[in-house]
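**Student:** Pasted the sequence and its predicted model underneath.
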Amino acid sequence: MNESKRPAKKVADSRTEQNHFVMPAHINGYNRLFGGQLMEWIDIVAGIVARRHCECNITTVSIDNLQFKAPAHVNDLIVLLGQVTYVGRTSMEVRVQTFVEDIHGMRKLINRAYLVMVAIDENERPTEVPEIIPETMEEQFEYECAVKRNAMRKQRMKEVF
């Protein structure tokens with residue numbers, strides 16, 4: 001973890017949940033939720049999580065892992081859950097999980113995405129972000145996996161992949 005001038009924050013401090021009903025305007029030609037619509041919702045949730053964590057403006061740098069696992073249809077209730085999984089000096093990795101929630105509250109995972117967000121100052125220059133404090137075993141596991149994903153991102157950049 002980095003040594004930011006701002007105090008470290010718990011993962012839970014910026015966790016965000018957003019809900020949507022899938023409407024006919026959100027559907028593609030196959031009567032499923034349009035992937036671009038879901039990507040927009042994911043980017044918004046990730047931005048809210050990152051902004052809450054760093055308490056400044058942010059910008060999306062990459063979405064490097066977006067896995068569509070199942071479809072959603074008109075009238076489905078979509079639940080997006082976002083949380084910081086890793087921080088660097090100026091960047092944050094945010095995981096956004098998307099579920100379809102049935103009428104009884106049971107949730108089925110339909111998408112998982114990892115986004116890299118960068119904190120920016122008033123001059124739109126990268127600025128340091130607070131460390132994160134993983135408190136649960138799941139948060140610690142996500143952090144350890146995020147360290148590996150970050151190393152793979154750096155390797156891909158080096159290889160211009």
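**Tutor:** Sure thing, it's come through.
**Student:** which outside residues touch the longest helix along the chain?
**Tutor:** Ranked by residue count and defined by DSSP state H, the top helix of the chain is helix 137-159. Where contact means C-beta atoms under 8 Å, 6 or more residues apart in numbering, the residues beyond helix 137-159 that reach it are 11, 62, 64-65, 83, 85-86, 88, 93, 95, 114, 116, 132, 134, 161. Every residue, glycine included, has its C-beta placed from N, CA and C.
**Student:** I figured residue 118 hits residue 126, correct?
**Tutor:** Yes - with contact defined as C-beta atoms under 8 Å, residue 118 reaches residue 126; the gap is 5.3 Å.
**Student:** And the longest strand anywhere in the chain, how far out from the chain middle?
**Tutor:** Longest strand in the chain, counting residues (DSSP state E): strand 107-120. Taking the mean C-alpha point of strand 107-120 and that of its whole chain, the gap between them comes to 3 Å (C-alpha atoms, centre = their mean, to the nearest Å).
**Student:** Which other helices and strands does that strand contact?
**Tutor:** With contacts defined as 3 or more C-beta pairs under 8 Å, 6 or more residues apart in numbering; DSSP states H and E, the packing partners of strand 107-120 are helix 35-54, strand 57-68, strand 91-101, helix 137-159.
**Student:** Quick one: list the elements packing against the helix or strand that that strand is followed by.
**Tutor:** Next in sequence after strand 107-120, counting helices and strands by DSSP states H and E, comes strand 132-133. Other helices and strands packing on strand 132-133, by 3+ C-beta pairs under 8 Å, 6+ apart, are strand 9-10, strand 77-87.
**Student:** I'd like the C-alpha coordinates of the longest one written as CSV, please.
**Tutor:** Below are the C-alpha coordinates for strand 77-87, written out as CSV (Å, rounded to 0.1, in the frame of the first residue of the first chain):
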residue,chain,number,x,y,z
LEU,A,77,-34.0,-5.6,-11.2
ILE,A,78,-30.2,-4.9,-11.7
VAL,A,79,-28.1,-4.4,-8.6
LEU,A,80,-24.5,-3.1,-9.0
LEU,A,81,-22.1,-3.3,-6.1
GLY,A,82,-18.8,-1.4,-6.2
GLN,A,83,-15.8,-1.3,-3.9
VAL,A,84,-12.2,-0.3,-4.0
THR,A,85,-9.9,-3.4,-4.2
TYR,A,86,-6.5,-1.8,-4.5
VAL,A,87,-4.8,1.6,-4.5
